[in-house]
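Peer 1: model the following, please.
(2 chains)
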Amino acid sequence: MADQDYREEEILGKAYDARLMRRLLQYLRPYLAEAAAAVVLLLLLSLLQLLGPYLVKVAIDAHIARGRVAGLAAISLLFFAVLLLQFAVEVAQSYLIQRMGQNIMRDLRLEVFGHLQRLPLSYFDRNPVGRLMTRVTTDVENLNEMLSSGVVAIFGDVFTLTGIAVVMLWIQWQLALVSFLVVPFLTVATFMFRSKVREAYREIRVRIAKINAYLQENISGMAVVQLFGRESRNLDHFRKLNYDHLEAFLRTIFYHAVFFPVVELLGALAVALILWYGGIRMHAGSLTIGAVVAFIQYAQRFFRPISDLAEKYNIMQSAMASAERIFRLLDEPEEPDFRSPAIRPAVVRGEIEFRGVWFSYNGEDWVLRDVSFRIDPGERVAFVGATGAGKTSIMSLLTRLYEPQRGCILLDGVDIRHIPRDELRRNIAVVPQEVFLFAGTVEENIGLGNERISSEAIRQVAEALNIHEMIEKLPRGYREDVRERGSRLSLGQRQLISFARALAHDPRVVVLDEATSSVDSETERMVQEALEKLLAGRTALIVAHRLSTVQNADRILVLHKGEIREVGTHSELLARQGIYYRLYQLQLAGLKVERPVEGESSAPSSEAASHAPATRA
Amino acid sequence: MDGLVEDLKSLLPYLRRYRRSYWVGLAAVVFGTAFQLGSPWVLRFAIDALARGGSPRQVALYALTFVGLAALAGIFRYLMRMTIIGASRWIEYDLRNDYFAHLERMNPAFYHRWRTGDLMARATNDLNAVRSLLGPGIMQAASTILVALGAVVQMFSLDAVLASIALLALPLISVVVFRLMRRIRLLYDQIQAQYSRISEKAQENLAGIRIVKSYAAGSREIRLFAKANEEYVRRNLKLAKVRGALVGTIEVLAGIGILLILWVGGHRVIHRHMSLGELVAFMSFLAMLSWPMIAIGWTLNLIEQGRASWIRIQQVMQEEPEIADGPRTDFSIASLRGAIRFDGVSFSYDGAWVLRGVDLDIPQGAAVGIVGRTGAGKSTLVHLIPRLYDPTEGQVRIDGRDVREIPLAVLRRCVAIVPQESFLFSDTIAANIAFGTDGSEEQIRWAAEMAGLLEEIQSFPQGFDTLLGERGVNLSGGQKQRVALARALLRDSAILILDDALSAVDAATEERILRNLRRIMRGRTTLVVSHRISAVKDLDFIVVLDEGRVVEMGTHDALLSFRGLYWELYQVQQLEESLSAL
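Peer 2: I've put the predicted structure just below:
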């Protein structure tokens, strides 16, 4: 996750945000029954926890203090039974919560992932993969932590607190009130602690973000730092940032170091009050020794959840920030599917027309200006032009990876915006310049999980392209894992698999961005043969880099600065001595000047000086 | 836990620096625990007094003692946190500084091997885990062990018979815990592995989103991703079950202990073998014992994670830079004049030769162009001069001295290089230009002017104080390159190298800037690597590289008359120019 932006990731959130919480609770809906069961179990658990000290009281008052042995065994066994039940409930409850949490996280991950599949490509241009990865992984995990340990525990704590208070009041309300004397102090202490710590943590987050941003920047630009002899200055600056962070943290340590002993001290004070006032009441004969013991035990339990509550704060805060980021992603508009009325062509012939198409990735930087052309079914058209002339953009528009700002594109006379996206893409197969293989077998990479492509069909396609033997020769044939170590496929083999993928989908239109890197002559021959088979009888749009491809095309469209400037066959265009003629000469000269060698290890040249993009544009 | 000490030995120097804090902290743990263990005793006397019908005054005295003990324990707990947790934060501070300083020593080759994200992960997540080991880890380990030991000892001193009965289940518990813990760790690893699979799947999908969309393969992707997620949930729930079993077993066994105490202890009180107060104190100690049982698993986990993270940090810290001052360095060299010589220089990278037997003599003050095809080795050649890399064979000399004998600091002060990809920091324009010098405002202005940037900077509302980067203005590629150039000019070095440094600037501006440079670089050595012939054609002489070798050398006119590679490159550029003019 080299692209992670340490500044954005540290956006501060509130620990509780009602709007976010409401939206999060929506995800509980499929699990309402489980959630209800978990809450009931939680209530039960709190009740059972209350029983223990009470049974101790009974044991002392009714038996031990009176010297009655009979029934002591019974009450001990009862105590044991309560404990057993308590543990059973606890285990069941925590399992339920875990299951619910895991299921909700899965739902959320799938929703984020599914949503990503439907976002327009321009979104991916804006957001680096690393950042999106964080949404799917870390952010969802943060929410899980809140769900499984934070929220539920808070519910439980509140139940327990109320329950204890009620039981104490029930046993002896005067003594209960006396022991509650410490509660106001406790509230004040907790409140003060929380506000101090919140302040400090805010500082800490800002400061750690600064440290990490500075560190990342220095790692990326280390060569510059070294070449300009800035090491000691930058180290000094880093130390300073680091010290600011340390200093803020030392403050929180102080708050913690004071707060926890104070809570314990208040707990001891409560016990002391019970002893003192209990002593007076007992002397007056209105209180039993068992009740005092039970009160002491209740008081000790009373204070545990309160220090817990203070600790939960952090978890909540980072979970809310994560929720915010996840929802922001989910709120991104999806790419439009189709305009109504939807038109689903029964049989696609493969006629393509661009009508006055204007397109830019960014504002007024037009990549295509008023581009119009028509391609007949079965025609093979090569697009030629210098880098940046707009060839690839035409291909992207045809499959609606992007939408043009003006003009329209027609398939068999139908505006492609009216054709459901998946339908459109099923009829147009794309072979990109750089082959992308997914983790998985050769077979999976050809079929891409399309259920209409049987493994029989995949083999037929492979045979048609003369690569069946090549695949069979792989250690595990069609089941060869393309990403596994040791079975790296060669560039040519990958290209052939990419052709097979396109052919297996049996499209009417093939969009081919020809690879520039060449392969050895034997593979090259195979690639050329396969290409002929793939294109036969189909409408083909080719971004051409090879002379042979251009010569075999029915027509050549020459793109220059976003416009179609010349149209014709190879010889016609050469005769015209215009742009194509110059491009052709350049190509010929380039064949001598450029040095395309497969597997050439790149020199550590430019990357060494600064191996990551500078301040992002 | 095998080899734990061995793995953590390298942390000792850091611990030693704060040993006073740790000793004080550990002493505080001991005293704090002692006072904590004292309170059940007070409780015992208080209860016994109550049971005997003692006077409220006497009971009140006990109550006061109880609070007093808690206060004392609290003071020591405060001290414990302040010292141990504080020391761990200081060590974190030291470690982070050392990590940064270490990274500053590493060469480009290191940064080629290590990804930024990986280095960052070690500085963030791993450092945090190590800190947790040194702070809460040590503190909890010490205090749980002491509390557990203390409670057991107290229970025996209260009533040995009852203590033996209550702790009967303890060996059984430890066996169960030990076994289940091993299983939990196994399951935990499996969960982590599945989590990586989910991440990989998402990463791959996002990287290949074009193909996914083009082939309408989104539903397949979702299916695969869902499958990986199902498995993740399944493994997590398996762990939840085992964990539940672990907690349940411990608690049931502990429950049996409580049952026995209440039953046997009740009998013993009735038969006057012990007092009621002693029984209550006994129960308090047992309650104290339950906390360490829960905390120990958590603490062990903390230690285990800290150790794994420390190993990962050490992997970075143990790397040594290949390029650094060494025994060959002659520290008497304080400055350079700038005559450069390559003697039979070859350089190989990843087993491929990038430069082969380059001999080159560049007199002091010369302005030399270096051209060639992509991948001819131009950048590599100039990177050898400030020792971003060292040659595999042969020598690079400046003023007759092998660059490996020149102190790095001197070398880099005397060689200013403007790289292909200009790297700017998130700071003001002025700070980016003054980078590495104490340039005055005037000088910064001058450098910006020479780099043909002054007018543009002045058009920004904040001028030279304009912030760059994420939180500020994003400059265009050409502007960035000129900032980088201004930065190099301000260094006023004996040798200036432009490594295709103006590629994003239009040709006319480039020529204007280069004319400026010729004037100010008079008497200094200038190397211009460029893919544009126009940038080098007026220089003193031009070196043409091909496949790592010097194939042609001479002035522009001489090279053209050879009708060799230089001529071909020139032809291509003429064509390109005529094409873009159409």
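
Peer 1: for the residue of the stretch 101-250 of chain B found nearest chain A, the count of nearby residues, please.
Peer 2: Proximity to chain A, evaluated over the stretch 101-250 of chain B using CB to the nearest CB, is greatest for B:Arg220 at 3.0 Å. The C-beta positions use only the backbone N, C-alpha and C, and glycine is treated the same way. Neighbourhood size, B:Arg220 [other CB atoms under 10 Å in any protein chain shown]: 18.

Peer 1: just A:Tyr123 next, same as before
Peer 2: 17.

Peer 1: just the one 10 residues further on next, same as before
Peer 2: A count of neighbours around A:Met133, defined by other CB under 10 Å, yields 20.

Peer 1: what of the one 10 residues further on?
Peer 2: Counted by other CB under 10 Å, the residues lying close to A:Leu143 total 22.

Peer 1: how near is it to A:Ala74?
Peer 2: Using CB to CB, to the nearest Å, we find A:Leu143 at a distance of 48 Å from A:Ala74.

Peer 1: so the residue of the stretch 101-250 of chain B closest to chain A sits against A:Arg452, correct?
Peer 2: No: using CB atoms under 8 Å as the test, B:Arg220 is too far from A:Arg452 to be in contact (11.9 Å).

Peer 1: so where do the strands sit in the stretch 51-200 of chain B?
Peer 2: All residues of the stretch 51-200 of chain B lie outside strands when identified by DSSP state E, counting those that start in this stretch.

Peer 1: about what we covered before: so what's the residue of the stretch 101-250 of chain B closest to chain A up against?
Peer 2: A:448-450 (CB atoms under 8 Å, 6 or more residues apart in numbering or on different chains).

Peer 1: for A:Gly385, give me its contacts.
Peer 2: A:391, A:558-560, A:583.

Peer 1: and stretch A:171-187, how far from the chain's centre?
Peer 2: How far stretch A:171-187 lies from its chain's middle: 49 Å, per CA atoms, centre = their mean, to the nearest Å.

Peer 1: and the contacts of that stretch?
Peer 2: A:54, A:57, A:165, A:168-169, A:263, A:266-267, A:269-270, A:273-274, A:277-278, A:281, A:287, A:291, A:294-295, A:299, A:303, A:306.

Peer 1: where does the prediction get shaky in the stretch 501-617 of chain A?
Peer 2: A:516-519, A:589-617 (pLDDT under 70).

Peer 1: how about 50 then?
Peer 2: A:593-617 (pLDDT under 50).

Peer 1: so B:Leu424 belongs to a strand, correct?
Peer 2: No: per DSSP: H, G, I helix; E, B strand; the rest coil, B:Leu424 lies outside any strand segment and is coil.

Peer 1: tell me the spacing between it and A:Pro128.
Peer 2: For B:Leu424 relative to A:Pro128 (CB to CB), the value is 19 Å.

Peer 1: and these two? Which one has more around it.
Peer 2: More crowded of B:Leu424 and A:Pro128, by other CB under 10 Å: B:Leu424, with 26 against 16.

Peer 1: I figured that one hits B:Leu467, correct?
Peer 2: No: under the contact definition of CB under 8 Å, B:Leu424 does not touch B:Leu467, with a separation of 10.8 Å.

Peer 1: what helices or strands is the one helix or strand A:Met100 maps to leaning on?
Peer 2: A:Met100 is located in helix A:72-118, with elements delineated by DSSP states H and E. In terms of contacts (3 or more CB pairs under 8 Å, 6 or more residues apart in numbering or on different chains; DSSP states H and E), helix A:72-118 is packed against helix A:32-58, helix A:140-145, helix A:289-330, helix B:170-207, helix B:209-214, helix B:218-260, helix B:266-270.
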